[in-house]
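Chemist: model this:
(one chain, ligands or ions: 1)
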Amino acid sequence: MVHIAIIGSGPSGCYVADILAKKIPDSQIDLFDKLPTPFGLVRAGVAPDHLHTKNITRQFERILSRENIRFAGNINLGTDISYAELKQHYHIIVIASGAPLDNKLNIEGESLNGVYGAGEISRWYNGHPEFAGLQIPYEAAPDNVSEFFRTGFGSNLSVNISAPSTETTSYNLSFARTNEEGYIPSNENMETSVPGVYSAGDIRVKDLRQIVTATGDGSIAAEQAQKFVEEINEKTKVAK
Ligand SMILES: Cc1cc2nc3c(=O)[nH]c(=O)nc-3n(C[C@H](O)[C@H](O)[C@H](O)COP(=O)(O)OP(=O)(O)OC[C@H]3O[C@@H](n4cnc5c(N)ncnc54)[C@H](O)[C@@H]3O)c2cc1C
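Modeler: The predicted model follows:
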């Protein structure tokens, strides 16, 4: 039985799980998320009126109902579980923890009270538990509240507004090479600097990131992880 741990249940993590569950039927896949609920930014980032985009969660729900996939919410890599523990129990580890912070624009006034990143606001109004306490002074908004929010939401805010958290930086230092901005870089095969450890989705590179790129990364990571398992099996046979 091949044991696989995936950190993060956003589009990238869900796709890795789906493909590996099919490619390696003799596998147990554990999908960990620090939030109590799955689906990452599709649930907590994508604007609530983009129902068509959010509909992809139906597909993800089917993935999570597969027999050899378990979802474990409220488990934060770095505090509730360590990389050393994962390595002890899993043959393959995929980091798909996303880029949950807003990019700094480095413009004047950026840190003034009342100035929020679009990602922050979208998490707050999507009910992300870590942003529930955000004090948005919407009483001060113009008559039409939607006008107030339009500044941030009028254009394609999914483009390049996110950055990894420092929390991510602290947990990954112990195993995979990180770059100065906290991403966990991986090559075009999603391989990190550690064999058997992959990074996929928004966490791997600062770039234009969307659901489609995250799921694409997930597919590649799964393919490579399957090859890795086959190679190990082959070596074990030869050694016998
Ligand atoms: C405001 C906003 C709107 C967007 N709108 C669109 C859109 O309309 N269309 C589109 O295609 N893309 C959109 N995007 C981009 C898209 O949502 C992301 O590119 C995509 O969700 C990235 O997928 P992911 O799996 O890499 O990461 P995420 O979706 O971020 O999922 C990562 C998961 O990892 C979990 N996690 C993080 N750290 C840990 C840890 N230490 N331990 C355990 N779990 C952890 C998180 O809780 C999260 O569930 C938007 C992004 C934002 C911010």
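Chemist: which stretches of the chain form helices?
Modeler: Listed in chain order, the helices of the chain (DSSP state H) span 11-23, 40-44, 51-54, 56-64, 83-89, 118-125, 145-153, 166-172, 211-239.
Chemist: what about stretch 65-78 and the ligand, any contact?
Modeler: Yes: using Cβ under 6 Å from any ligand atom, stretch 65-78 reaches the ligand at Asn76, Leu77, Gly78. Glycine gets a C-beta too; all of them are placed from N, C-alpha and C.
Chemist: Now do that stretch: everything it contacts.
Modeler: Contacts with stretch 65-78, where a contact means Cβ atoms under 8 Å, 6 or more residues apart in numbering, come from 7, 9, 17-18, 21, 25, 27-38, 63-64, 80-81, 83, 86, 95, 97, 167-168, 170-171.
Chemist: Would you mind listing which of the residues you listed are buried?
Modeler: Among the contacts of stretch 65-78, the ones that count as buried by 16 or more other Cβ atoms under 10 Å are 7, 9, 17-18, 21, 27-35, 38, 63-64, 81, 83, 86, 95, 97, 167-168, 171.
Chemist: Would you confirm that Leu101 contacts Gly119?
Modeler: Yes: with contact defined as Cβ atoms under 8 Å, Leu101 counts as touching Gly119 (7.2 Å).
Chemist: So between these two, which is more surrounded?
Modeler: Taking neighbours as other Cβ atoms under 10 Å, Leu101 and Gly119 compare with Gly119 leading, 24 against 18.
Chemist: remind me which residues of the protein are low pLDDT?
Modeler: 138-181 (pLDDT under 70).
Chemist: one more time with 90, if that's ok
Modeler: Within the chain, the segments meeting pLDDT under 90 span 45-50, 78-79, 82-84, 99-125, 131-185, 193-194, 205-210, 232-240.
Chemist: Among the helices of the chain, which comes closest to the ligand?
Modeler: Closest of the helices of the chain to the ligand is helix 40-44, at 2.4 Å (criterion: Cβ to the nearest ligand atom).
Chemist: So is the closest one next to the ligand?
Modeler: Yes: using Cβ under 6 Å from any ligand atom, we find that helix 40-44 touches the ligand at Gly40, Leu41, Val42.
Chemist: and the second one, what does it touch?
Modeler: For Leu41, the residues meeting the contact criterion (Cβ under 8 Å, 6+ apart) are Gly10, Pro11, Gly98, Pro100, Asp202.
Chemist: same thing but at 6 Å, please
Modeler: Gly10 (Cβ atoms under 6 Å, 6 or more residues apart in numbering).
Chemist: circling back: closest to Thr53 among the residues of helix 40-44 next to the ligand?
Modeler: Val42 (7.3 Å; Cβ to Cβ).
Chemist: before we move on, the earlier item: can I get the residues of stretch 65-78 next to the ligand in CSV with neighbour count and distance to Lys237?
Modeler: Shown next, in CSV, are the residues of stretch 65-78 next to the ligand (neighbours: other Cβ atoms under 10 Å; distance: Cβ to Cβ, whole Å):
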residue, neighbour count, distance to Lys237
Asn76, 15, 38
Leu77, 23, 33
Gly78, 18, 37
